[in-house]
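S.K.: Okay, sequence plus prediction incoming.
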Amino acid sequence: MEYAKIYNQAFASFSEGEFVNLVAMLTALQNQLFQLPGGDIFSQILTLVIYAFIFISIFYGQRIQLYIMLREVEGSLYKLKYIRDEGRRIAIETIKEIGKPQTDPTVRVDRFLEYFTISPQSLDPAGVVWKLEHILDVRDTRFKDEVKLIAPAADETQANNLENTLEAAMALNYIYKVIRHYYLLGKKTLSLYIIMQIQMILPMVMREAEAYASALKAFAYGQPIGDGVGALVAAKLMHGYPVRKIPKDCVVATVPFEGRTAYVIKAEGPGGNVGKPGDAIKTIIEENEGKIANIIMIDAALKLEGEEIGEVAEGVGAAIGGPGVDQFKIEETILKYRIPINAVIVKEDIGDAVSPMRKEVFDSVDKAVERIKQVVLERTKEGDKVIIAGIGNTIGIGQ
Amino acid sequence: MGQKSASSSAATKVSSFVLLIIFVTLAVALAALVLAVQAYSIGNDVVAVYLLFIGFIGVALSTYVLFQTRQRMMRLRIETPPITTTIECKKCGFKNVREFQRGDYIFKEVEPCQKCNEKMLITAIYREVREKGKTSFPY
Ligand SMILES: [Zn+2]
């Protein structure tokens, strides 16, 4: 063919070693692939374009890929910014609506969003739990005071909800800033690896951000969230019986249950609150001088993809998330008195856990109660005392 | 939500320039396709093939980008599914389902029952998600 000759001439300067082979191969390939009608100027232009394309992708392929990745991250960053701004707006609006502040809360909210907590040094891990607890207590007090200042008219329930709302807004702000940091760093250095790292985890980060965004809305309105399923189970069991407060921010009711005496514990609702179930369980155990036959904890747990939402499963151990202080305390106490501990979990994914409770999760409450009954019947004798602790954020759930 | 429309219009503002480019490309591509038909009818086969080629690539590219931007805009909205509150009368079993209102919580005592004047109780608050295209997954 005529143009094959032209290219052999054009690349004569490269005609050394294997490169010639490559060109010959490509030419042969092109002869077979691009048999367009007529060997005229059009097909020559087309072949030129194809060669240009091949060389561009050889030498600039990575660069192009890098820009595509950057664009992808940019798109997500744009969305994150939108979510962050929405969260901030909802938080401020809710504060204005129920807090009735004298001055504009925007400045204070913006300052609050930048709030940080330094976790204790764990180089010498002995006793780090107590340090962590102390730091978290300080943080909690500080947040509560801040909310009281921003929203003086809010009652306790509303203040708790506002605190949760602001915390979600804070998380969104932080996610946005971290992604922006890596995006700008990647743009500045044009390092494929920096951009690749952020692009790889982006789907997870976006899911988390969306979860926080819907959590924020639920908190602002005071709607029960998926994580509250444990608290809801406890509420169902204790409803109608007298409740009393126990440390910290928890309530307990003594409920006759299948011939046993059940101490049902949950965080005090209906404000957004997880309480300190570790302290509550410890208090009840010590009140009974360790004479507790069994502890059953109910909590929401993250499901694996493919598992059904609202599935109820059963196991052993302290079913409680968070920073680990409460789990540690519970384990310490039950070790001291050698009390067996069982767990009933309701499965949901991260998005469902923090957004308004889904019907499937709500319906699983009855199944969970049935499971608890079974465990109590199998694991304890009549007349025994058991602790049933519903773990989770009790927002929108009374008792 | 009133503010939602405002912020989503900001999202469309950014992409309006992109949209213009997409539509221009689409128009050019369609013109190329028309020209291709014309060229074919006068018997200029070679030109027709190239115009067809250009036209198809143009159409494919612009519709792809258009679809992508549209999808991105759709994804930007934080949707809030309706949340329902179920109120029940313990005495006569009268049930009332309404939309969630701020201040509702599970086990809250609300207005008296229409039938027996007993105080009613909120027994459920949840959202119903319609599963979009639940695929049969054999494993
Ligand atoms: Zn009634």
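M.R.: Cool, got the structure.

S.K.: could I have stretch A:161-179 exported to PDB, CA atoms only?
M.R.: What follows is stretch A:161-179 as a C-alpha-only set of coordinates in PDB (Å, rounded to 0.1, in the frame of the first residue of the first chain):
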ATOM      1  CA  ASN A 161     -30.700  17.100  69.500                       C
ATOM      2  CA  LEU A 162     -28.900  20.300  68.600                       C
ATOM      3  CA  GLU A 163     -25.700  19.000  70.000                       C
ATOM      4  CA  ASN A 164     -26.000  15.900  67.800                       C
ATOM      5  CA  THR A 165     -26.900  18.100  64.800                       C
ATOM      6  CA  LEU A 166     -23.800  20.200  65.300                       C
ATOM      7  CA  GLU A 167     -21.600  17.100  65.700                       C
ATOM      8  CA  ALA A 168     -22.800  15.800  62.300                       C
ATOM      9  CA  ALA A 169     -22.200  19.200  60.700                       C
ATOM     10  CA  MET A 170     -18.700  19.100  62.300                       C
ATOM     11  CA  ALA A 171     -18.000  15.600  60.800                       C
ATOM     12  CA  LEU A 172     -19.200  16.800  57.300                       C
ATOM     13  CA  ASN A 173     -16.900  19.900  57.600                       C
ATOM     14  CA  TYR A 174     -14.000  17.700  58.500                       C
ATOM     15  CA  ILE A 175     -14.500  15.200  55.600                       C
ATOM     16  CA  TYR A 176     -14.800  18.000  53.100                       C
ATOM     17  CA  LYS A 177     -11.600  19.600  54.400                       C
ATOM     18  CA  VAL A 178      -9.600  16.400  54.300                       C
ATOM     19  CA  ILE A 179     -10.600  15.600  50.700                       C
END
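
S.K.: residues touching residue A:114, list them.
M.R.: Under the criterion of CB atoms under 8 Å, 6 or more residues apart in numbering or on different chains, the neighbours of residue A:114 are residue A:173. Yep, even glycine has a C-beta here, placed from its N, CA and C like the rest.

S.K.: again, only this time at 7 Å
M.R.: With contacts taken as CB atoms under 7 Å, 6 or more residues apart in numbering or on different chains, residue A:114 has no neighbouring residues.

S.K.: Roughly how far does it sit from residue A:146?
M.R.: Between residue A:114 and residue A:146 the distance is 12 Å, computed by CB to CB, to the nearest Å.

S.K.: For the closest residue to residue A:270 other than its chain neighbours, what are phi and psi?
M.R.: Spatial nearest neighbour of residue A:270, excluding adjacent residues (CB to CB, 6 or more residues apart in numbering or on different chains): residue B:105 at 3.5 Å. Here is the backbone geometry of residue B:105 (degrees, to the nearest 10): phi -150, psi 160.

S.K.: wait, residue B:105 sits on residue A:397?
M.R.: Yes. Residue B:105 lies in contact with residue A:397 (CB atoms under 7 Å); the separation is 6.2 Å.

S.K.: higher neighbour count, these two?
M.R.: Shown here are residue B:105 and residue A:397; by other CB atoms under 10 Å in any protein chain shown, residue A:397 has more neighbours (31 against 22).

S.K.: List the residues that contact the more buried one.
M.R.: Contact partners of residue A:397, counting by CB under 7 Å, 6+ apart, are A:224, A:228, A:231-232, A:235, A:269-270, B:105-106.

S.K.: Would you map the strands across chain B?
M.R.: For chain B, the strands defined by DSSP state E occupy B:83-89, B:95-99, B:109-112, B:119-127.

S.K.: I'd like to know which of the contacts of residue A:397 are buried.
M.R.: Burial by neighbour count, 16 or more other CB atoms under 10 Å in any protein chain shown: within the contacts of residue A:397 this picks out A:224, A:228, A:231-232, A:235, A:269-270, B:105-106.

S.K.: re earlier: put together JSON lines for the strands of chain B, with mean pLDDT, mean neighbour count and distance to residue A:371 on each row.
M.R.: Below are the strands of chain B laid out as JSON lines (pLDDT from 0 to 100; neighbours: other CB atoms under 10 Å in any protein chain shown; distance: least, CB to CB, whole Å):
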{"stretch": "strand B:83-89", "mean pLDDT": "88", "mean neighbour count": "19", "distance to residue A:371": "23"}
{"stretch": "strand B:95-99", "mean pLDDT": "87", "mean neighbour count": "11", "distance to residue A:371": "27"}
{"stretch": "strand B:109-112", "mean pLDDT": "84", "mean neighbour count": "12", "distance to residue A:371": "29"}
{"stretch": "strand B:119-127", "mean pLDDT": "88", "mean neighbour count": "20", "distance to residue A:371": "20"}
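
S.K.: Could you name every residue contacting both of residue B:105 and residue A:397?
M.R.: Common neighbours of residue B:105 and residue A:397 (criterion: CB under 7 Å, 6+ apart): A:269-270.

S.K.: before we move on, the earlier item: and the contacts of residue A:397, which is closest to residue A:366?
M.R.: Of all the contacts of residue A:397, the one with the least separation from residue A:366 (CB to CB) is residue A:232, at 10.6 Å.

S.K.: Give me the pLDDT value at the closest one.
M.R.: Looking at residue A:232, its pLDDT is 93.

S.K.: any idea how far residue A:235 lies from chain B?
M.R.: Applying CB to the nearest CB, to the nearest Å, one obtains 6 Å for the distance of residue A:235 from chain B.

S.K.: repeat for residue A:125
M.R.: Here the criterion is CB to the nearest CB. By it, residue A:125 lies 40 Å from chain B.

S.K.: next one: residue A:322
M.R.: According to CB to the nearest CB, residue A:322 and chain B sit 22 Å apart.

S.K.: Report the contact partners of that residue.
M.R.: Residue A:322 is in contact with residue A:274, counting by CB under 7 Å, 6+ apart.

S.K.: Reduced to three states, what does it come out as?
M.R.: State at residue A:322, reduced to three classes by DSSP: H, G, I helix; E, B strand; the rest coil: coil.

S.K.: For it, give me phi and psi.
M.R.: According to degrees, to the nearest 10, residue A:322 has phi 80, psi -170.

S.K.: need the strands for the stretch 101-250 of chain A, in chain order.
M.R.: Counting by DSSP state E, counting those that start in this stretch, one finds strands in the stretch 101-250 of chain A at the ranges A:243-246, A:250-257.

S.K.: so which of these is the most packed in?
M.R.: Ranked by mean neighbour count, the strands of the stretch 101-250 of chain A are led by strand A:250-257 with a mean of 20 (mean count of other CB atoms under 10 Å in any protein chain shown).

S.K.: That strand close to chain B?
M.R.: No. Counting by CB under 7 Å from any CB of the partner chain, chain B has no neighbours in strand A:250-257; the shortest distance is 12.0 Å.

S.K.: what's the helix or strand for residue A:394?
M.R.: Secondary-structure element containing residue A:394, defined by DSSP states H and E: none, the residue being outside all helices and strands.

S.K.: That one touches residue A:265, doesn't it?
M.R.: No. Distance between residue A:394 and residue A:265: 11.2 Å, which falls outside the contact criterion (CB under 7 Å).

S.K.: Helices along the chain, start to end?
M.R.: This is for chain A. Taking DSSP state H as the test, the helices found in chain A are A:2-10, A:17-33, A:41-94, A:106-113, A:128-150, A:156-189, A:192-221, A:229-238, A:277-287, A:325-337, A:350-354, A:359-379.

S.K.: looking at chain B here, not the other one
M.R.: Under the criterion DSSP H, chain B carries helices at the ranges B:2-41, B:45-76.

S.K.: so how far is stretch A:366-381 from its chain's centroid?
M.R.: Per CA atoms, centre = their mean, to the nearest Å, the displacement of stretch A:366-381 from the mean C-alpha position of its chain is 30 Å.

S.K.: so what's whichever residue of the stretch 151-300 of chain A sits closest to the ion scoring on pLDDT?
M.R.: Across the stretch 151-300 of chain A, no residue is closer to the ion than residue A:240, which sits at 17.1 Å (CB to the ion). Residue A:240 is assigned 87 on the pLDDT scale.

S.K.: residues near it, how many?
M.R.: Neighbours of residue A:240 using other CB under 10 Å come to 12.
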